[in-house]
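Trainee: return atomic coordinates for the entry below.
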Amino acid sequence: MSAPSSSTSPAPGENPPSEQEGLSVDVSLKHAGPTPSQSRFQVDLVAEAAGAKLADTDASPQAAGEKATPTPGKAAEGTEQSAGGEEAKGRFRVVNFVDPSEAGSPPDGVPAEGFQNGDTVMSEGSLHSSTGGQHHYHYDTHTNTYYLRTFGHNTIDAVPNIDFYRQTAAPLGEKLIRPTLSELHDELDKEPFEDGFANGDELTPAEEAAAKEAADSKGVVKFGWVKGVLVRCMLNIWGVMLFIRMSWIVGQAGIVLSCVIVLMATVVTTITGLSTSAIATNGFVRGGGAYYLISRSLGPEFGGSIGLIFAFANAVAVAMYVVGFAETVVELLISVDAVMTDQDNDIRIIGTITIILLLGISVAGMEWEAKAQIFLLVILITAIFNYFIGSFITVESKESKGFFGYKGEIMMENMGPDFRDGETFFSVFAIFFPAATGILAGANISGDLADPQLAIPRGTLLAILITGIVYLGVAISTGSCIVRDATGNDNDTITSQFLNCSEAACKFGYDFSSCKASSCKYGLQNDFQIMSIVSGFGPIITAGIFSATLSSALASLVSAPKVFQALCKDNIYPGLGMFAKGYGKNNEPLRGYILTFCIGLAFILIAKLNVIAPIISNFFLASYALINFSVFHASLANSPGWRPSFKYYNMWVSLAGAVLCCVVMFVINWWAALLTNVIVLALYIYVSYKKPDVNWGSSTQALTYHQALTHSLQLSGVEDHIKNFRPQCLVLTGYPNSRPALLHIVHAFTKNVGLMICGHVRTTSRRPNFKDLAHDQTRYQRWLLKNETKAFYTPVFADDLRQGSQYLMQASGLGRLKPNTLVVGFKNDWREGDMRDVETYINLIHDAFDFQYGTVIIRLKEGLDISHIQGQDDLLSSQEKTSGMKDVIVSIDMSKDSDGDSSKLSSKATTAQNSPAIQKDDDDDVKAPTQPLLKKDKKSPTVPLNVADQRLLEASQQFQKKQGKGTVDVWWLFDDGGLTLLIPYLLTNKKRWKDCKIRVFIGGKINRIDHDRRSMATLLSKFRIDFSDINVLGDINTKPKKENVSAFEELIEPYKLKEDDMEQEAAERLKADEPWRITDNELELYRAKTNRQIRLNELLKEHSSTANLIVMSMPLARKGAVSSALYMSWLDTLSKDLPPILLVRGNHQSVLTFYS
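Mentor: From the prediction side, this is the model:
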């Protein structure tokens, strides 16, 4: 069976079927013309040949359209002559993300559902697109191809075009869809396959929303690299640290070590800047800054965990900067004796007023925020210049406070460190480093940049360079013109009594030696405001401090909501979706602003940020570490998709940067670093557990593939060893959801142990649809993953089950990861069906032995196949169901389902065929009346199941439940290499089966029972396999009961050849035509073996009727000597009326060993 394409419109001349009510759109109106599939492929070759002539004339598009599509339907009217440029665009199908209400009304007289304008056809089929309900305008590509000629020829084959590679219509231009391979390759009378986006280009809901918003918005404000990145980064990096801590750092560490501190911080930020540039230039960057870069590189687990803490860190940073501003204001108030209440409450009051004003600027829009940033930058640069100018102007009144102008003596004295108050190099470094953490300010608003790929590298790296030079300049400058200690007292000049003074200040007539006994107020070590004293005009430095704090607060207040909005749009954390909504032309995250405001206000009211500050620094550093690691990881994975246009990066330098960031985290504050790592790890585990349904082509995927390929090749170079034997099963399940018991029992002993491939042989009376096969492969693989089944689904097309099984046994697997055991379900209905199917089934088992496969046949007395039961097609996940008709697994029956909900489309269940692993495709799949799914809604009450189906359903789930205390009975009658024993051992190691004990049954002679039991116990103990009991059966060769023999004779009666009752020639001809027939000679020859199977069934019922599972040696039949009917009868007789039974036969190669 095949999944229908979206274009299921009626053929020309037919009435559209009334069953289309079941579709998810109202299709009560008929098409006004041919659908794209018809008009594109019913081409009049004469019209195409005439295209070359028509191209030079003024022929209208309608003329060609009429010739190319001789459809007896209603012709479209009111066509217009389009301009050449419009025709060129119409040459391909264009995806426009538009609001249906704004799409414009169709021409008069044409139904709104399918209107035509020139060569434009919009049908209801186009609404079922893979983009989840948004409109695709399909432009007819055959009727008017002469308007755009490829290399001067009339062909729909397209030349390379950037618009084919876009993911959305919005950010850069219109998305075009290139002609599909089907359109170019399939026969003209064949319906084209309705394709969606190219591999991996499916849009997430977030990307679709972003595309629609951006397409609708006009006049969006976008920033260049100066305003968007350089200004923001410089403002964030030049924090309060520049004016009120840099001089103190020089006092403590000295000029040399201060420069080392600045350079160390700059090295970390530069490496991170290079890594950021590499990621930002490896494809189009959307909004979300650090979160977007990390998540698209390393995947949602890392991105989701770092995104949340990065947004939170930015929100708390707002409070930190605002409190820094408020503290400066309160100090000014204290100096003029204008305190409102007390110091702490004044900070809270001023901080609250400030954050409200900043929120107002942010909410007013990015343009206002950018203007405010420019204004603040001007003040900040003025303040820096003010300091440097002041440092060259020596004023006598400032000398007592430690400022003497640039003097070599002072510079030499301040070269070395002078750590006081318990400070060390690393503690001073920890105080400085937060000043360097503003490098992602530009990247955080990546969605508001005109060209992020150009702006982020240029702006970020230039900002690091400029700010680094200024920090170094300030360090050298302050260390060269200010002494470490000064009293501020003009009377502390040198008198004749102190001629032994050795400090630099002594040479300039001052004696500050009293500062050694008691602390002084001035100098590098004591006065945080010393730069104000040095500067040309002190209040400008104060204004610079205000500017630095407010600009950093404003940048963080904008960054946090933008990053959080991007995180919420990706739906990594369910429940945060409300913050994804944007407002206005710039898609401003107003809800995010309010949340950030509330977090910031809460921490401002605490007013004690000494504990929070190191955590924030560590959060930022964790982001930097992951950005660096992303580049290393992507380079290591060697993915062809990793092609950054920024070339000045190195994977090992990025790795060193990541390690440096981690080291700096612990240097700054070890407990905060541990806390950060714990939070990141917890969020990583949460996101990994939730498994968000996103696929961003991360480097984690690429590296996983790379490692899998490398290890598979390494494995192929090593010979198999008995100790490493694993059952690698090819299970003929058909569709994986049609035989759950088969799937569950094999998964129970292969999970985390061996390979499991769900083989599916599909036969069809028509030409195979390989596109359907490929889509089924993807879909059912997803189903296996969703149901936590560690297996692969491999379908093949074949003429019959045997041929398909041969294909699978020959070709499935990779290198050493190839199946070595074939698992099939027992053919319960073998007597009802065509005996040719039995011949195929038995030959399949013979083929498995020919391929040196072990073979397992699983039998449940209720049966295995549940596909005929209504409501069992629970294959689709909710995401797949809602994405339109393209994802419906099986044939749609529109006559039964009129709810209009595409997620409830009825499906044709897999039909119960004679063969347990075969599925036939009917020619009339779409038209065949099938029953709807069992519904949960009120309109369609559930249909009660009959008793047999109820039992079958219960039996199909029995291996999913925990098996209580019981036994797994192993009837190891013949030595097949140990597979019969290995499978139950692996089963009882699993949690569901651990309460079951293994009982071993072996054949033996009555006079040697004890000896045989001891021998087997010795063997099992050497194999280190636990068992609860060993039973030696001395009566296997006893004759079976007469009634059972009679039942067997009755069973095989219809399949006897009865050659004695006919001519020899007729008998031979019948045997040739029907090779499964049982000859009298054969029956006599294998009488003893037949009796043994009957007797074994009696013993099984006697000893193992209460077992949870029976694992038994499968009887072998010599190929060509035993007919299919007789072998099938043996298997049937042996295993009937028993608990679940596995008939196992290894390939007679040892799979167990007692050697170490």
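
Trainee: which residues of the stretch 151-300 of the chain fall in helices?
Mentor: Using DSSP state H, counting those that start in this stretch, the helices found in the stretch 151-300 of the chain span residues 181-185, 205-216, 225, 231-237, 241-244, 246-280, 289-298, 300-335.

Trainee: which stretch in those helices is the model least sure about?
Mentor: Out of these, helix 205-216 stands lowest, with a mean of 53 (criterion: mean pLDDT).

Trainee: all helices for the stretch 301-450 of the chain, in order.
Mentor: Counting by DSSP H, counting those that start in this stretch, the segments of the stretch 301-450 of the chain that form helices are 343-363, 366-392, 396-399, 408-413, 425-432.

Trainee: format the ones you listed as a markdown table; extra columns: distance to Pro574.
Mentor: C-beta coordinates here come from the backbone N, C-alpha and C atoms, glycine included. Conversion of the helices of the stretch 301-450 of the chain to a markdown table gives the following (distance: least, Cβ to Cβ, whole Å):
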| stretch | distance to Pro574 |
| --- | --- |
| helix 343-363 | 27 |
| helix 366-392 | 29 |
| helix 396-399 | 62 |
| helix 408-413 | 61 |
| helix 425-432 | 38 |
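
Trainee: and whichever strand or helix holds Ile1110, how far out from the chain middle?
Mentor: Following DSSP states H and E, one finds Ile1110 within strand 1109-1113. With Cα atoms, centre = their mean, to the nearest Å as the basis, strand 1109-1113 stands 41 Å off its chain's centre.

Trainee: same check on stretch 826-833?
Mentor: Taking mean C-alpha positions (Cα atoms, centre = their mean), stretch 826-833 and its chain are 43 Å apart.

Trainee: and it, what's its mean pLDDT?
Mentor: Confidence over stretch 826-833 (mean pLDDT, whole number) is 88.

Trainee: kindly check the end-to-end length of that stretch for me.
Mentor: In stretch 826-833, first residue to last residue: 14 Å (Cα to Cα, to the nearest Å).

Trainee: which residues touch that stretch?
Mentor: Surrounding stretch 826-833, the residues in contact under the criterion Cβ atoms under 8 Å, 6 or more residues apart in numbering are 837-838, 841, 857-860, 863-864, 912, 914-916, 1051, 1054, 1128, 1131-1132, 1135, 1143.

Trainee: buried set for it?
Mentor: Under the neighbour-count criterion of 16 or more other Cβ atoms under 10 Å, stretch 826-833 has 826-830 buried.

Trainee: ok, and what's touching the host helix or strand of Ile857?
Mentor: Following DSSP H and E, one finds Ile857 within strand 854-859. Strand 854-859 has contacts (Cβ under 8 Å, 6+ apart) with 727, 729, 741-742, 745-746, 820-826, 828, 845, 848-849, 864, 976-977, 979, 983, 1114, 1131, 1135, 1138, 1140-1147.

Trainee: would you agree Leu235 is in contact with Ile374?
Mentor: No. The criterion here is Cβ atoms under 8 Å, and Leu235 misses it with Ile374 at 9.6 Å.

Trainee: more crowded one of the two?
Mentor: A side-by-side neighbour count of Leu235 and Ile374, using other Cβ atoms under 10 Å, places Leu235 first with 25 against 13.

Trainee: what residues are up against the spatially closest residue to that one that is not a sequence neighbour?
Mentor: In this structure, Leu235 finds its nearest non-sequential neighbour in Ser551, 3.8 Å apart by Cβ to Cβ, 6 or more residues apart in numbering. Contact partners of Ser551, counting by Cβ under 8 Å, 6+ apart, are 235-236, 373, 376-377, 380.

Trainee: cutoff 6 Å now
Mentor: Ser551 makes contacts with 235, 373, 376, as judged by Cβ atoms under 6 Å, 6 or more residues apart in numbering.

Trainee: what's the helix or strand for it?
Mentor: Residue-wise, Ser551 maps onto helix 538-569 under DSSP H and E.

Trainee: that helix to helix 300-335, inter-axis angle?
Mentor: Comparing the axes of helix 538-569 and helix 300-335 via axes from the mean of the first three to the mean of the last three Cα atoms, to 10 degrees yields an angle of 150 degrees.

Trainee: mind listing what's buried in the following helix or strand past helix 538-569?
Mentor: Tracing the chain past helix 538-569, the next element assigned as helix or strand by DSSP H and E is helix 590-606. When neighbours are counted by 16+ other Cβ under 10 Å, the buried residues of helix 590-606 are found to be 590-593, 595-597, 599-601, 603-604.

Trainee: now stretch 396-408
Mentor: 398-405, 407.

Trainee: mind listing the helices for the stretch 601-750 of the chain?
Mentor: 612-637, 651-668, 670-690, 699-716, 740-750.

Trainee: turn those into JSON lines, columns for distance to Ile384.
Mentor: Formatted as JSON lines, the entries for these read as follows, by distance: least, Cβ to Cβ, whole Å:
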{"stretch": "helix 612-637", "distance to Ile384": "24"}
{"stretch": "helix 651-668", "distance to Ile384": "26"}
{"stretch": "helix 670-690", "distance to Ile384": "31"}
{"stretch": "helix 699-716", "distance to Ile384": "41"}
{"stretch": "helix 740-750", "distance to Ile384": "68"}
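
Trainee: now distance to Arg1024 and mean pLDDT too, for those, in JSON lines please.
Mentor: Output for these, formatted as JSON lines (distance: least, Cβ to Cβ, whole Å; pLDDT from 0 to 100):
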{"stretch": "helix 612-637", "distance to Arg1024": "41", "mean pLDDT": "86"}
{"stretch": "helix 651-668", "distance to Arg1024": "44", "mean pLDDT": "92"}
{"stretch": "helix 670-690", "distance to Arg1024": "35", "mean pLDDT": "88"}
{"stretch": "helix 699-716", "distance to Arg1024": "25", "mean pLDDT": "87"}
{"stretch": "helix 740-750", "distance to Arg1024": "17", "mean pLDDT": "90"}
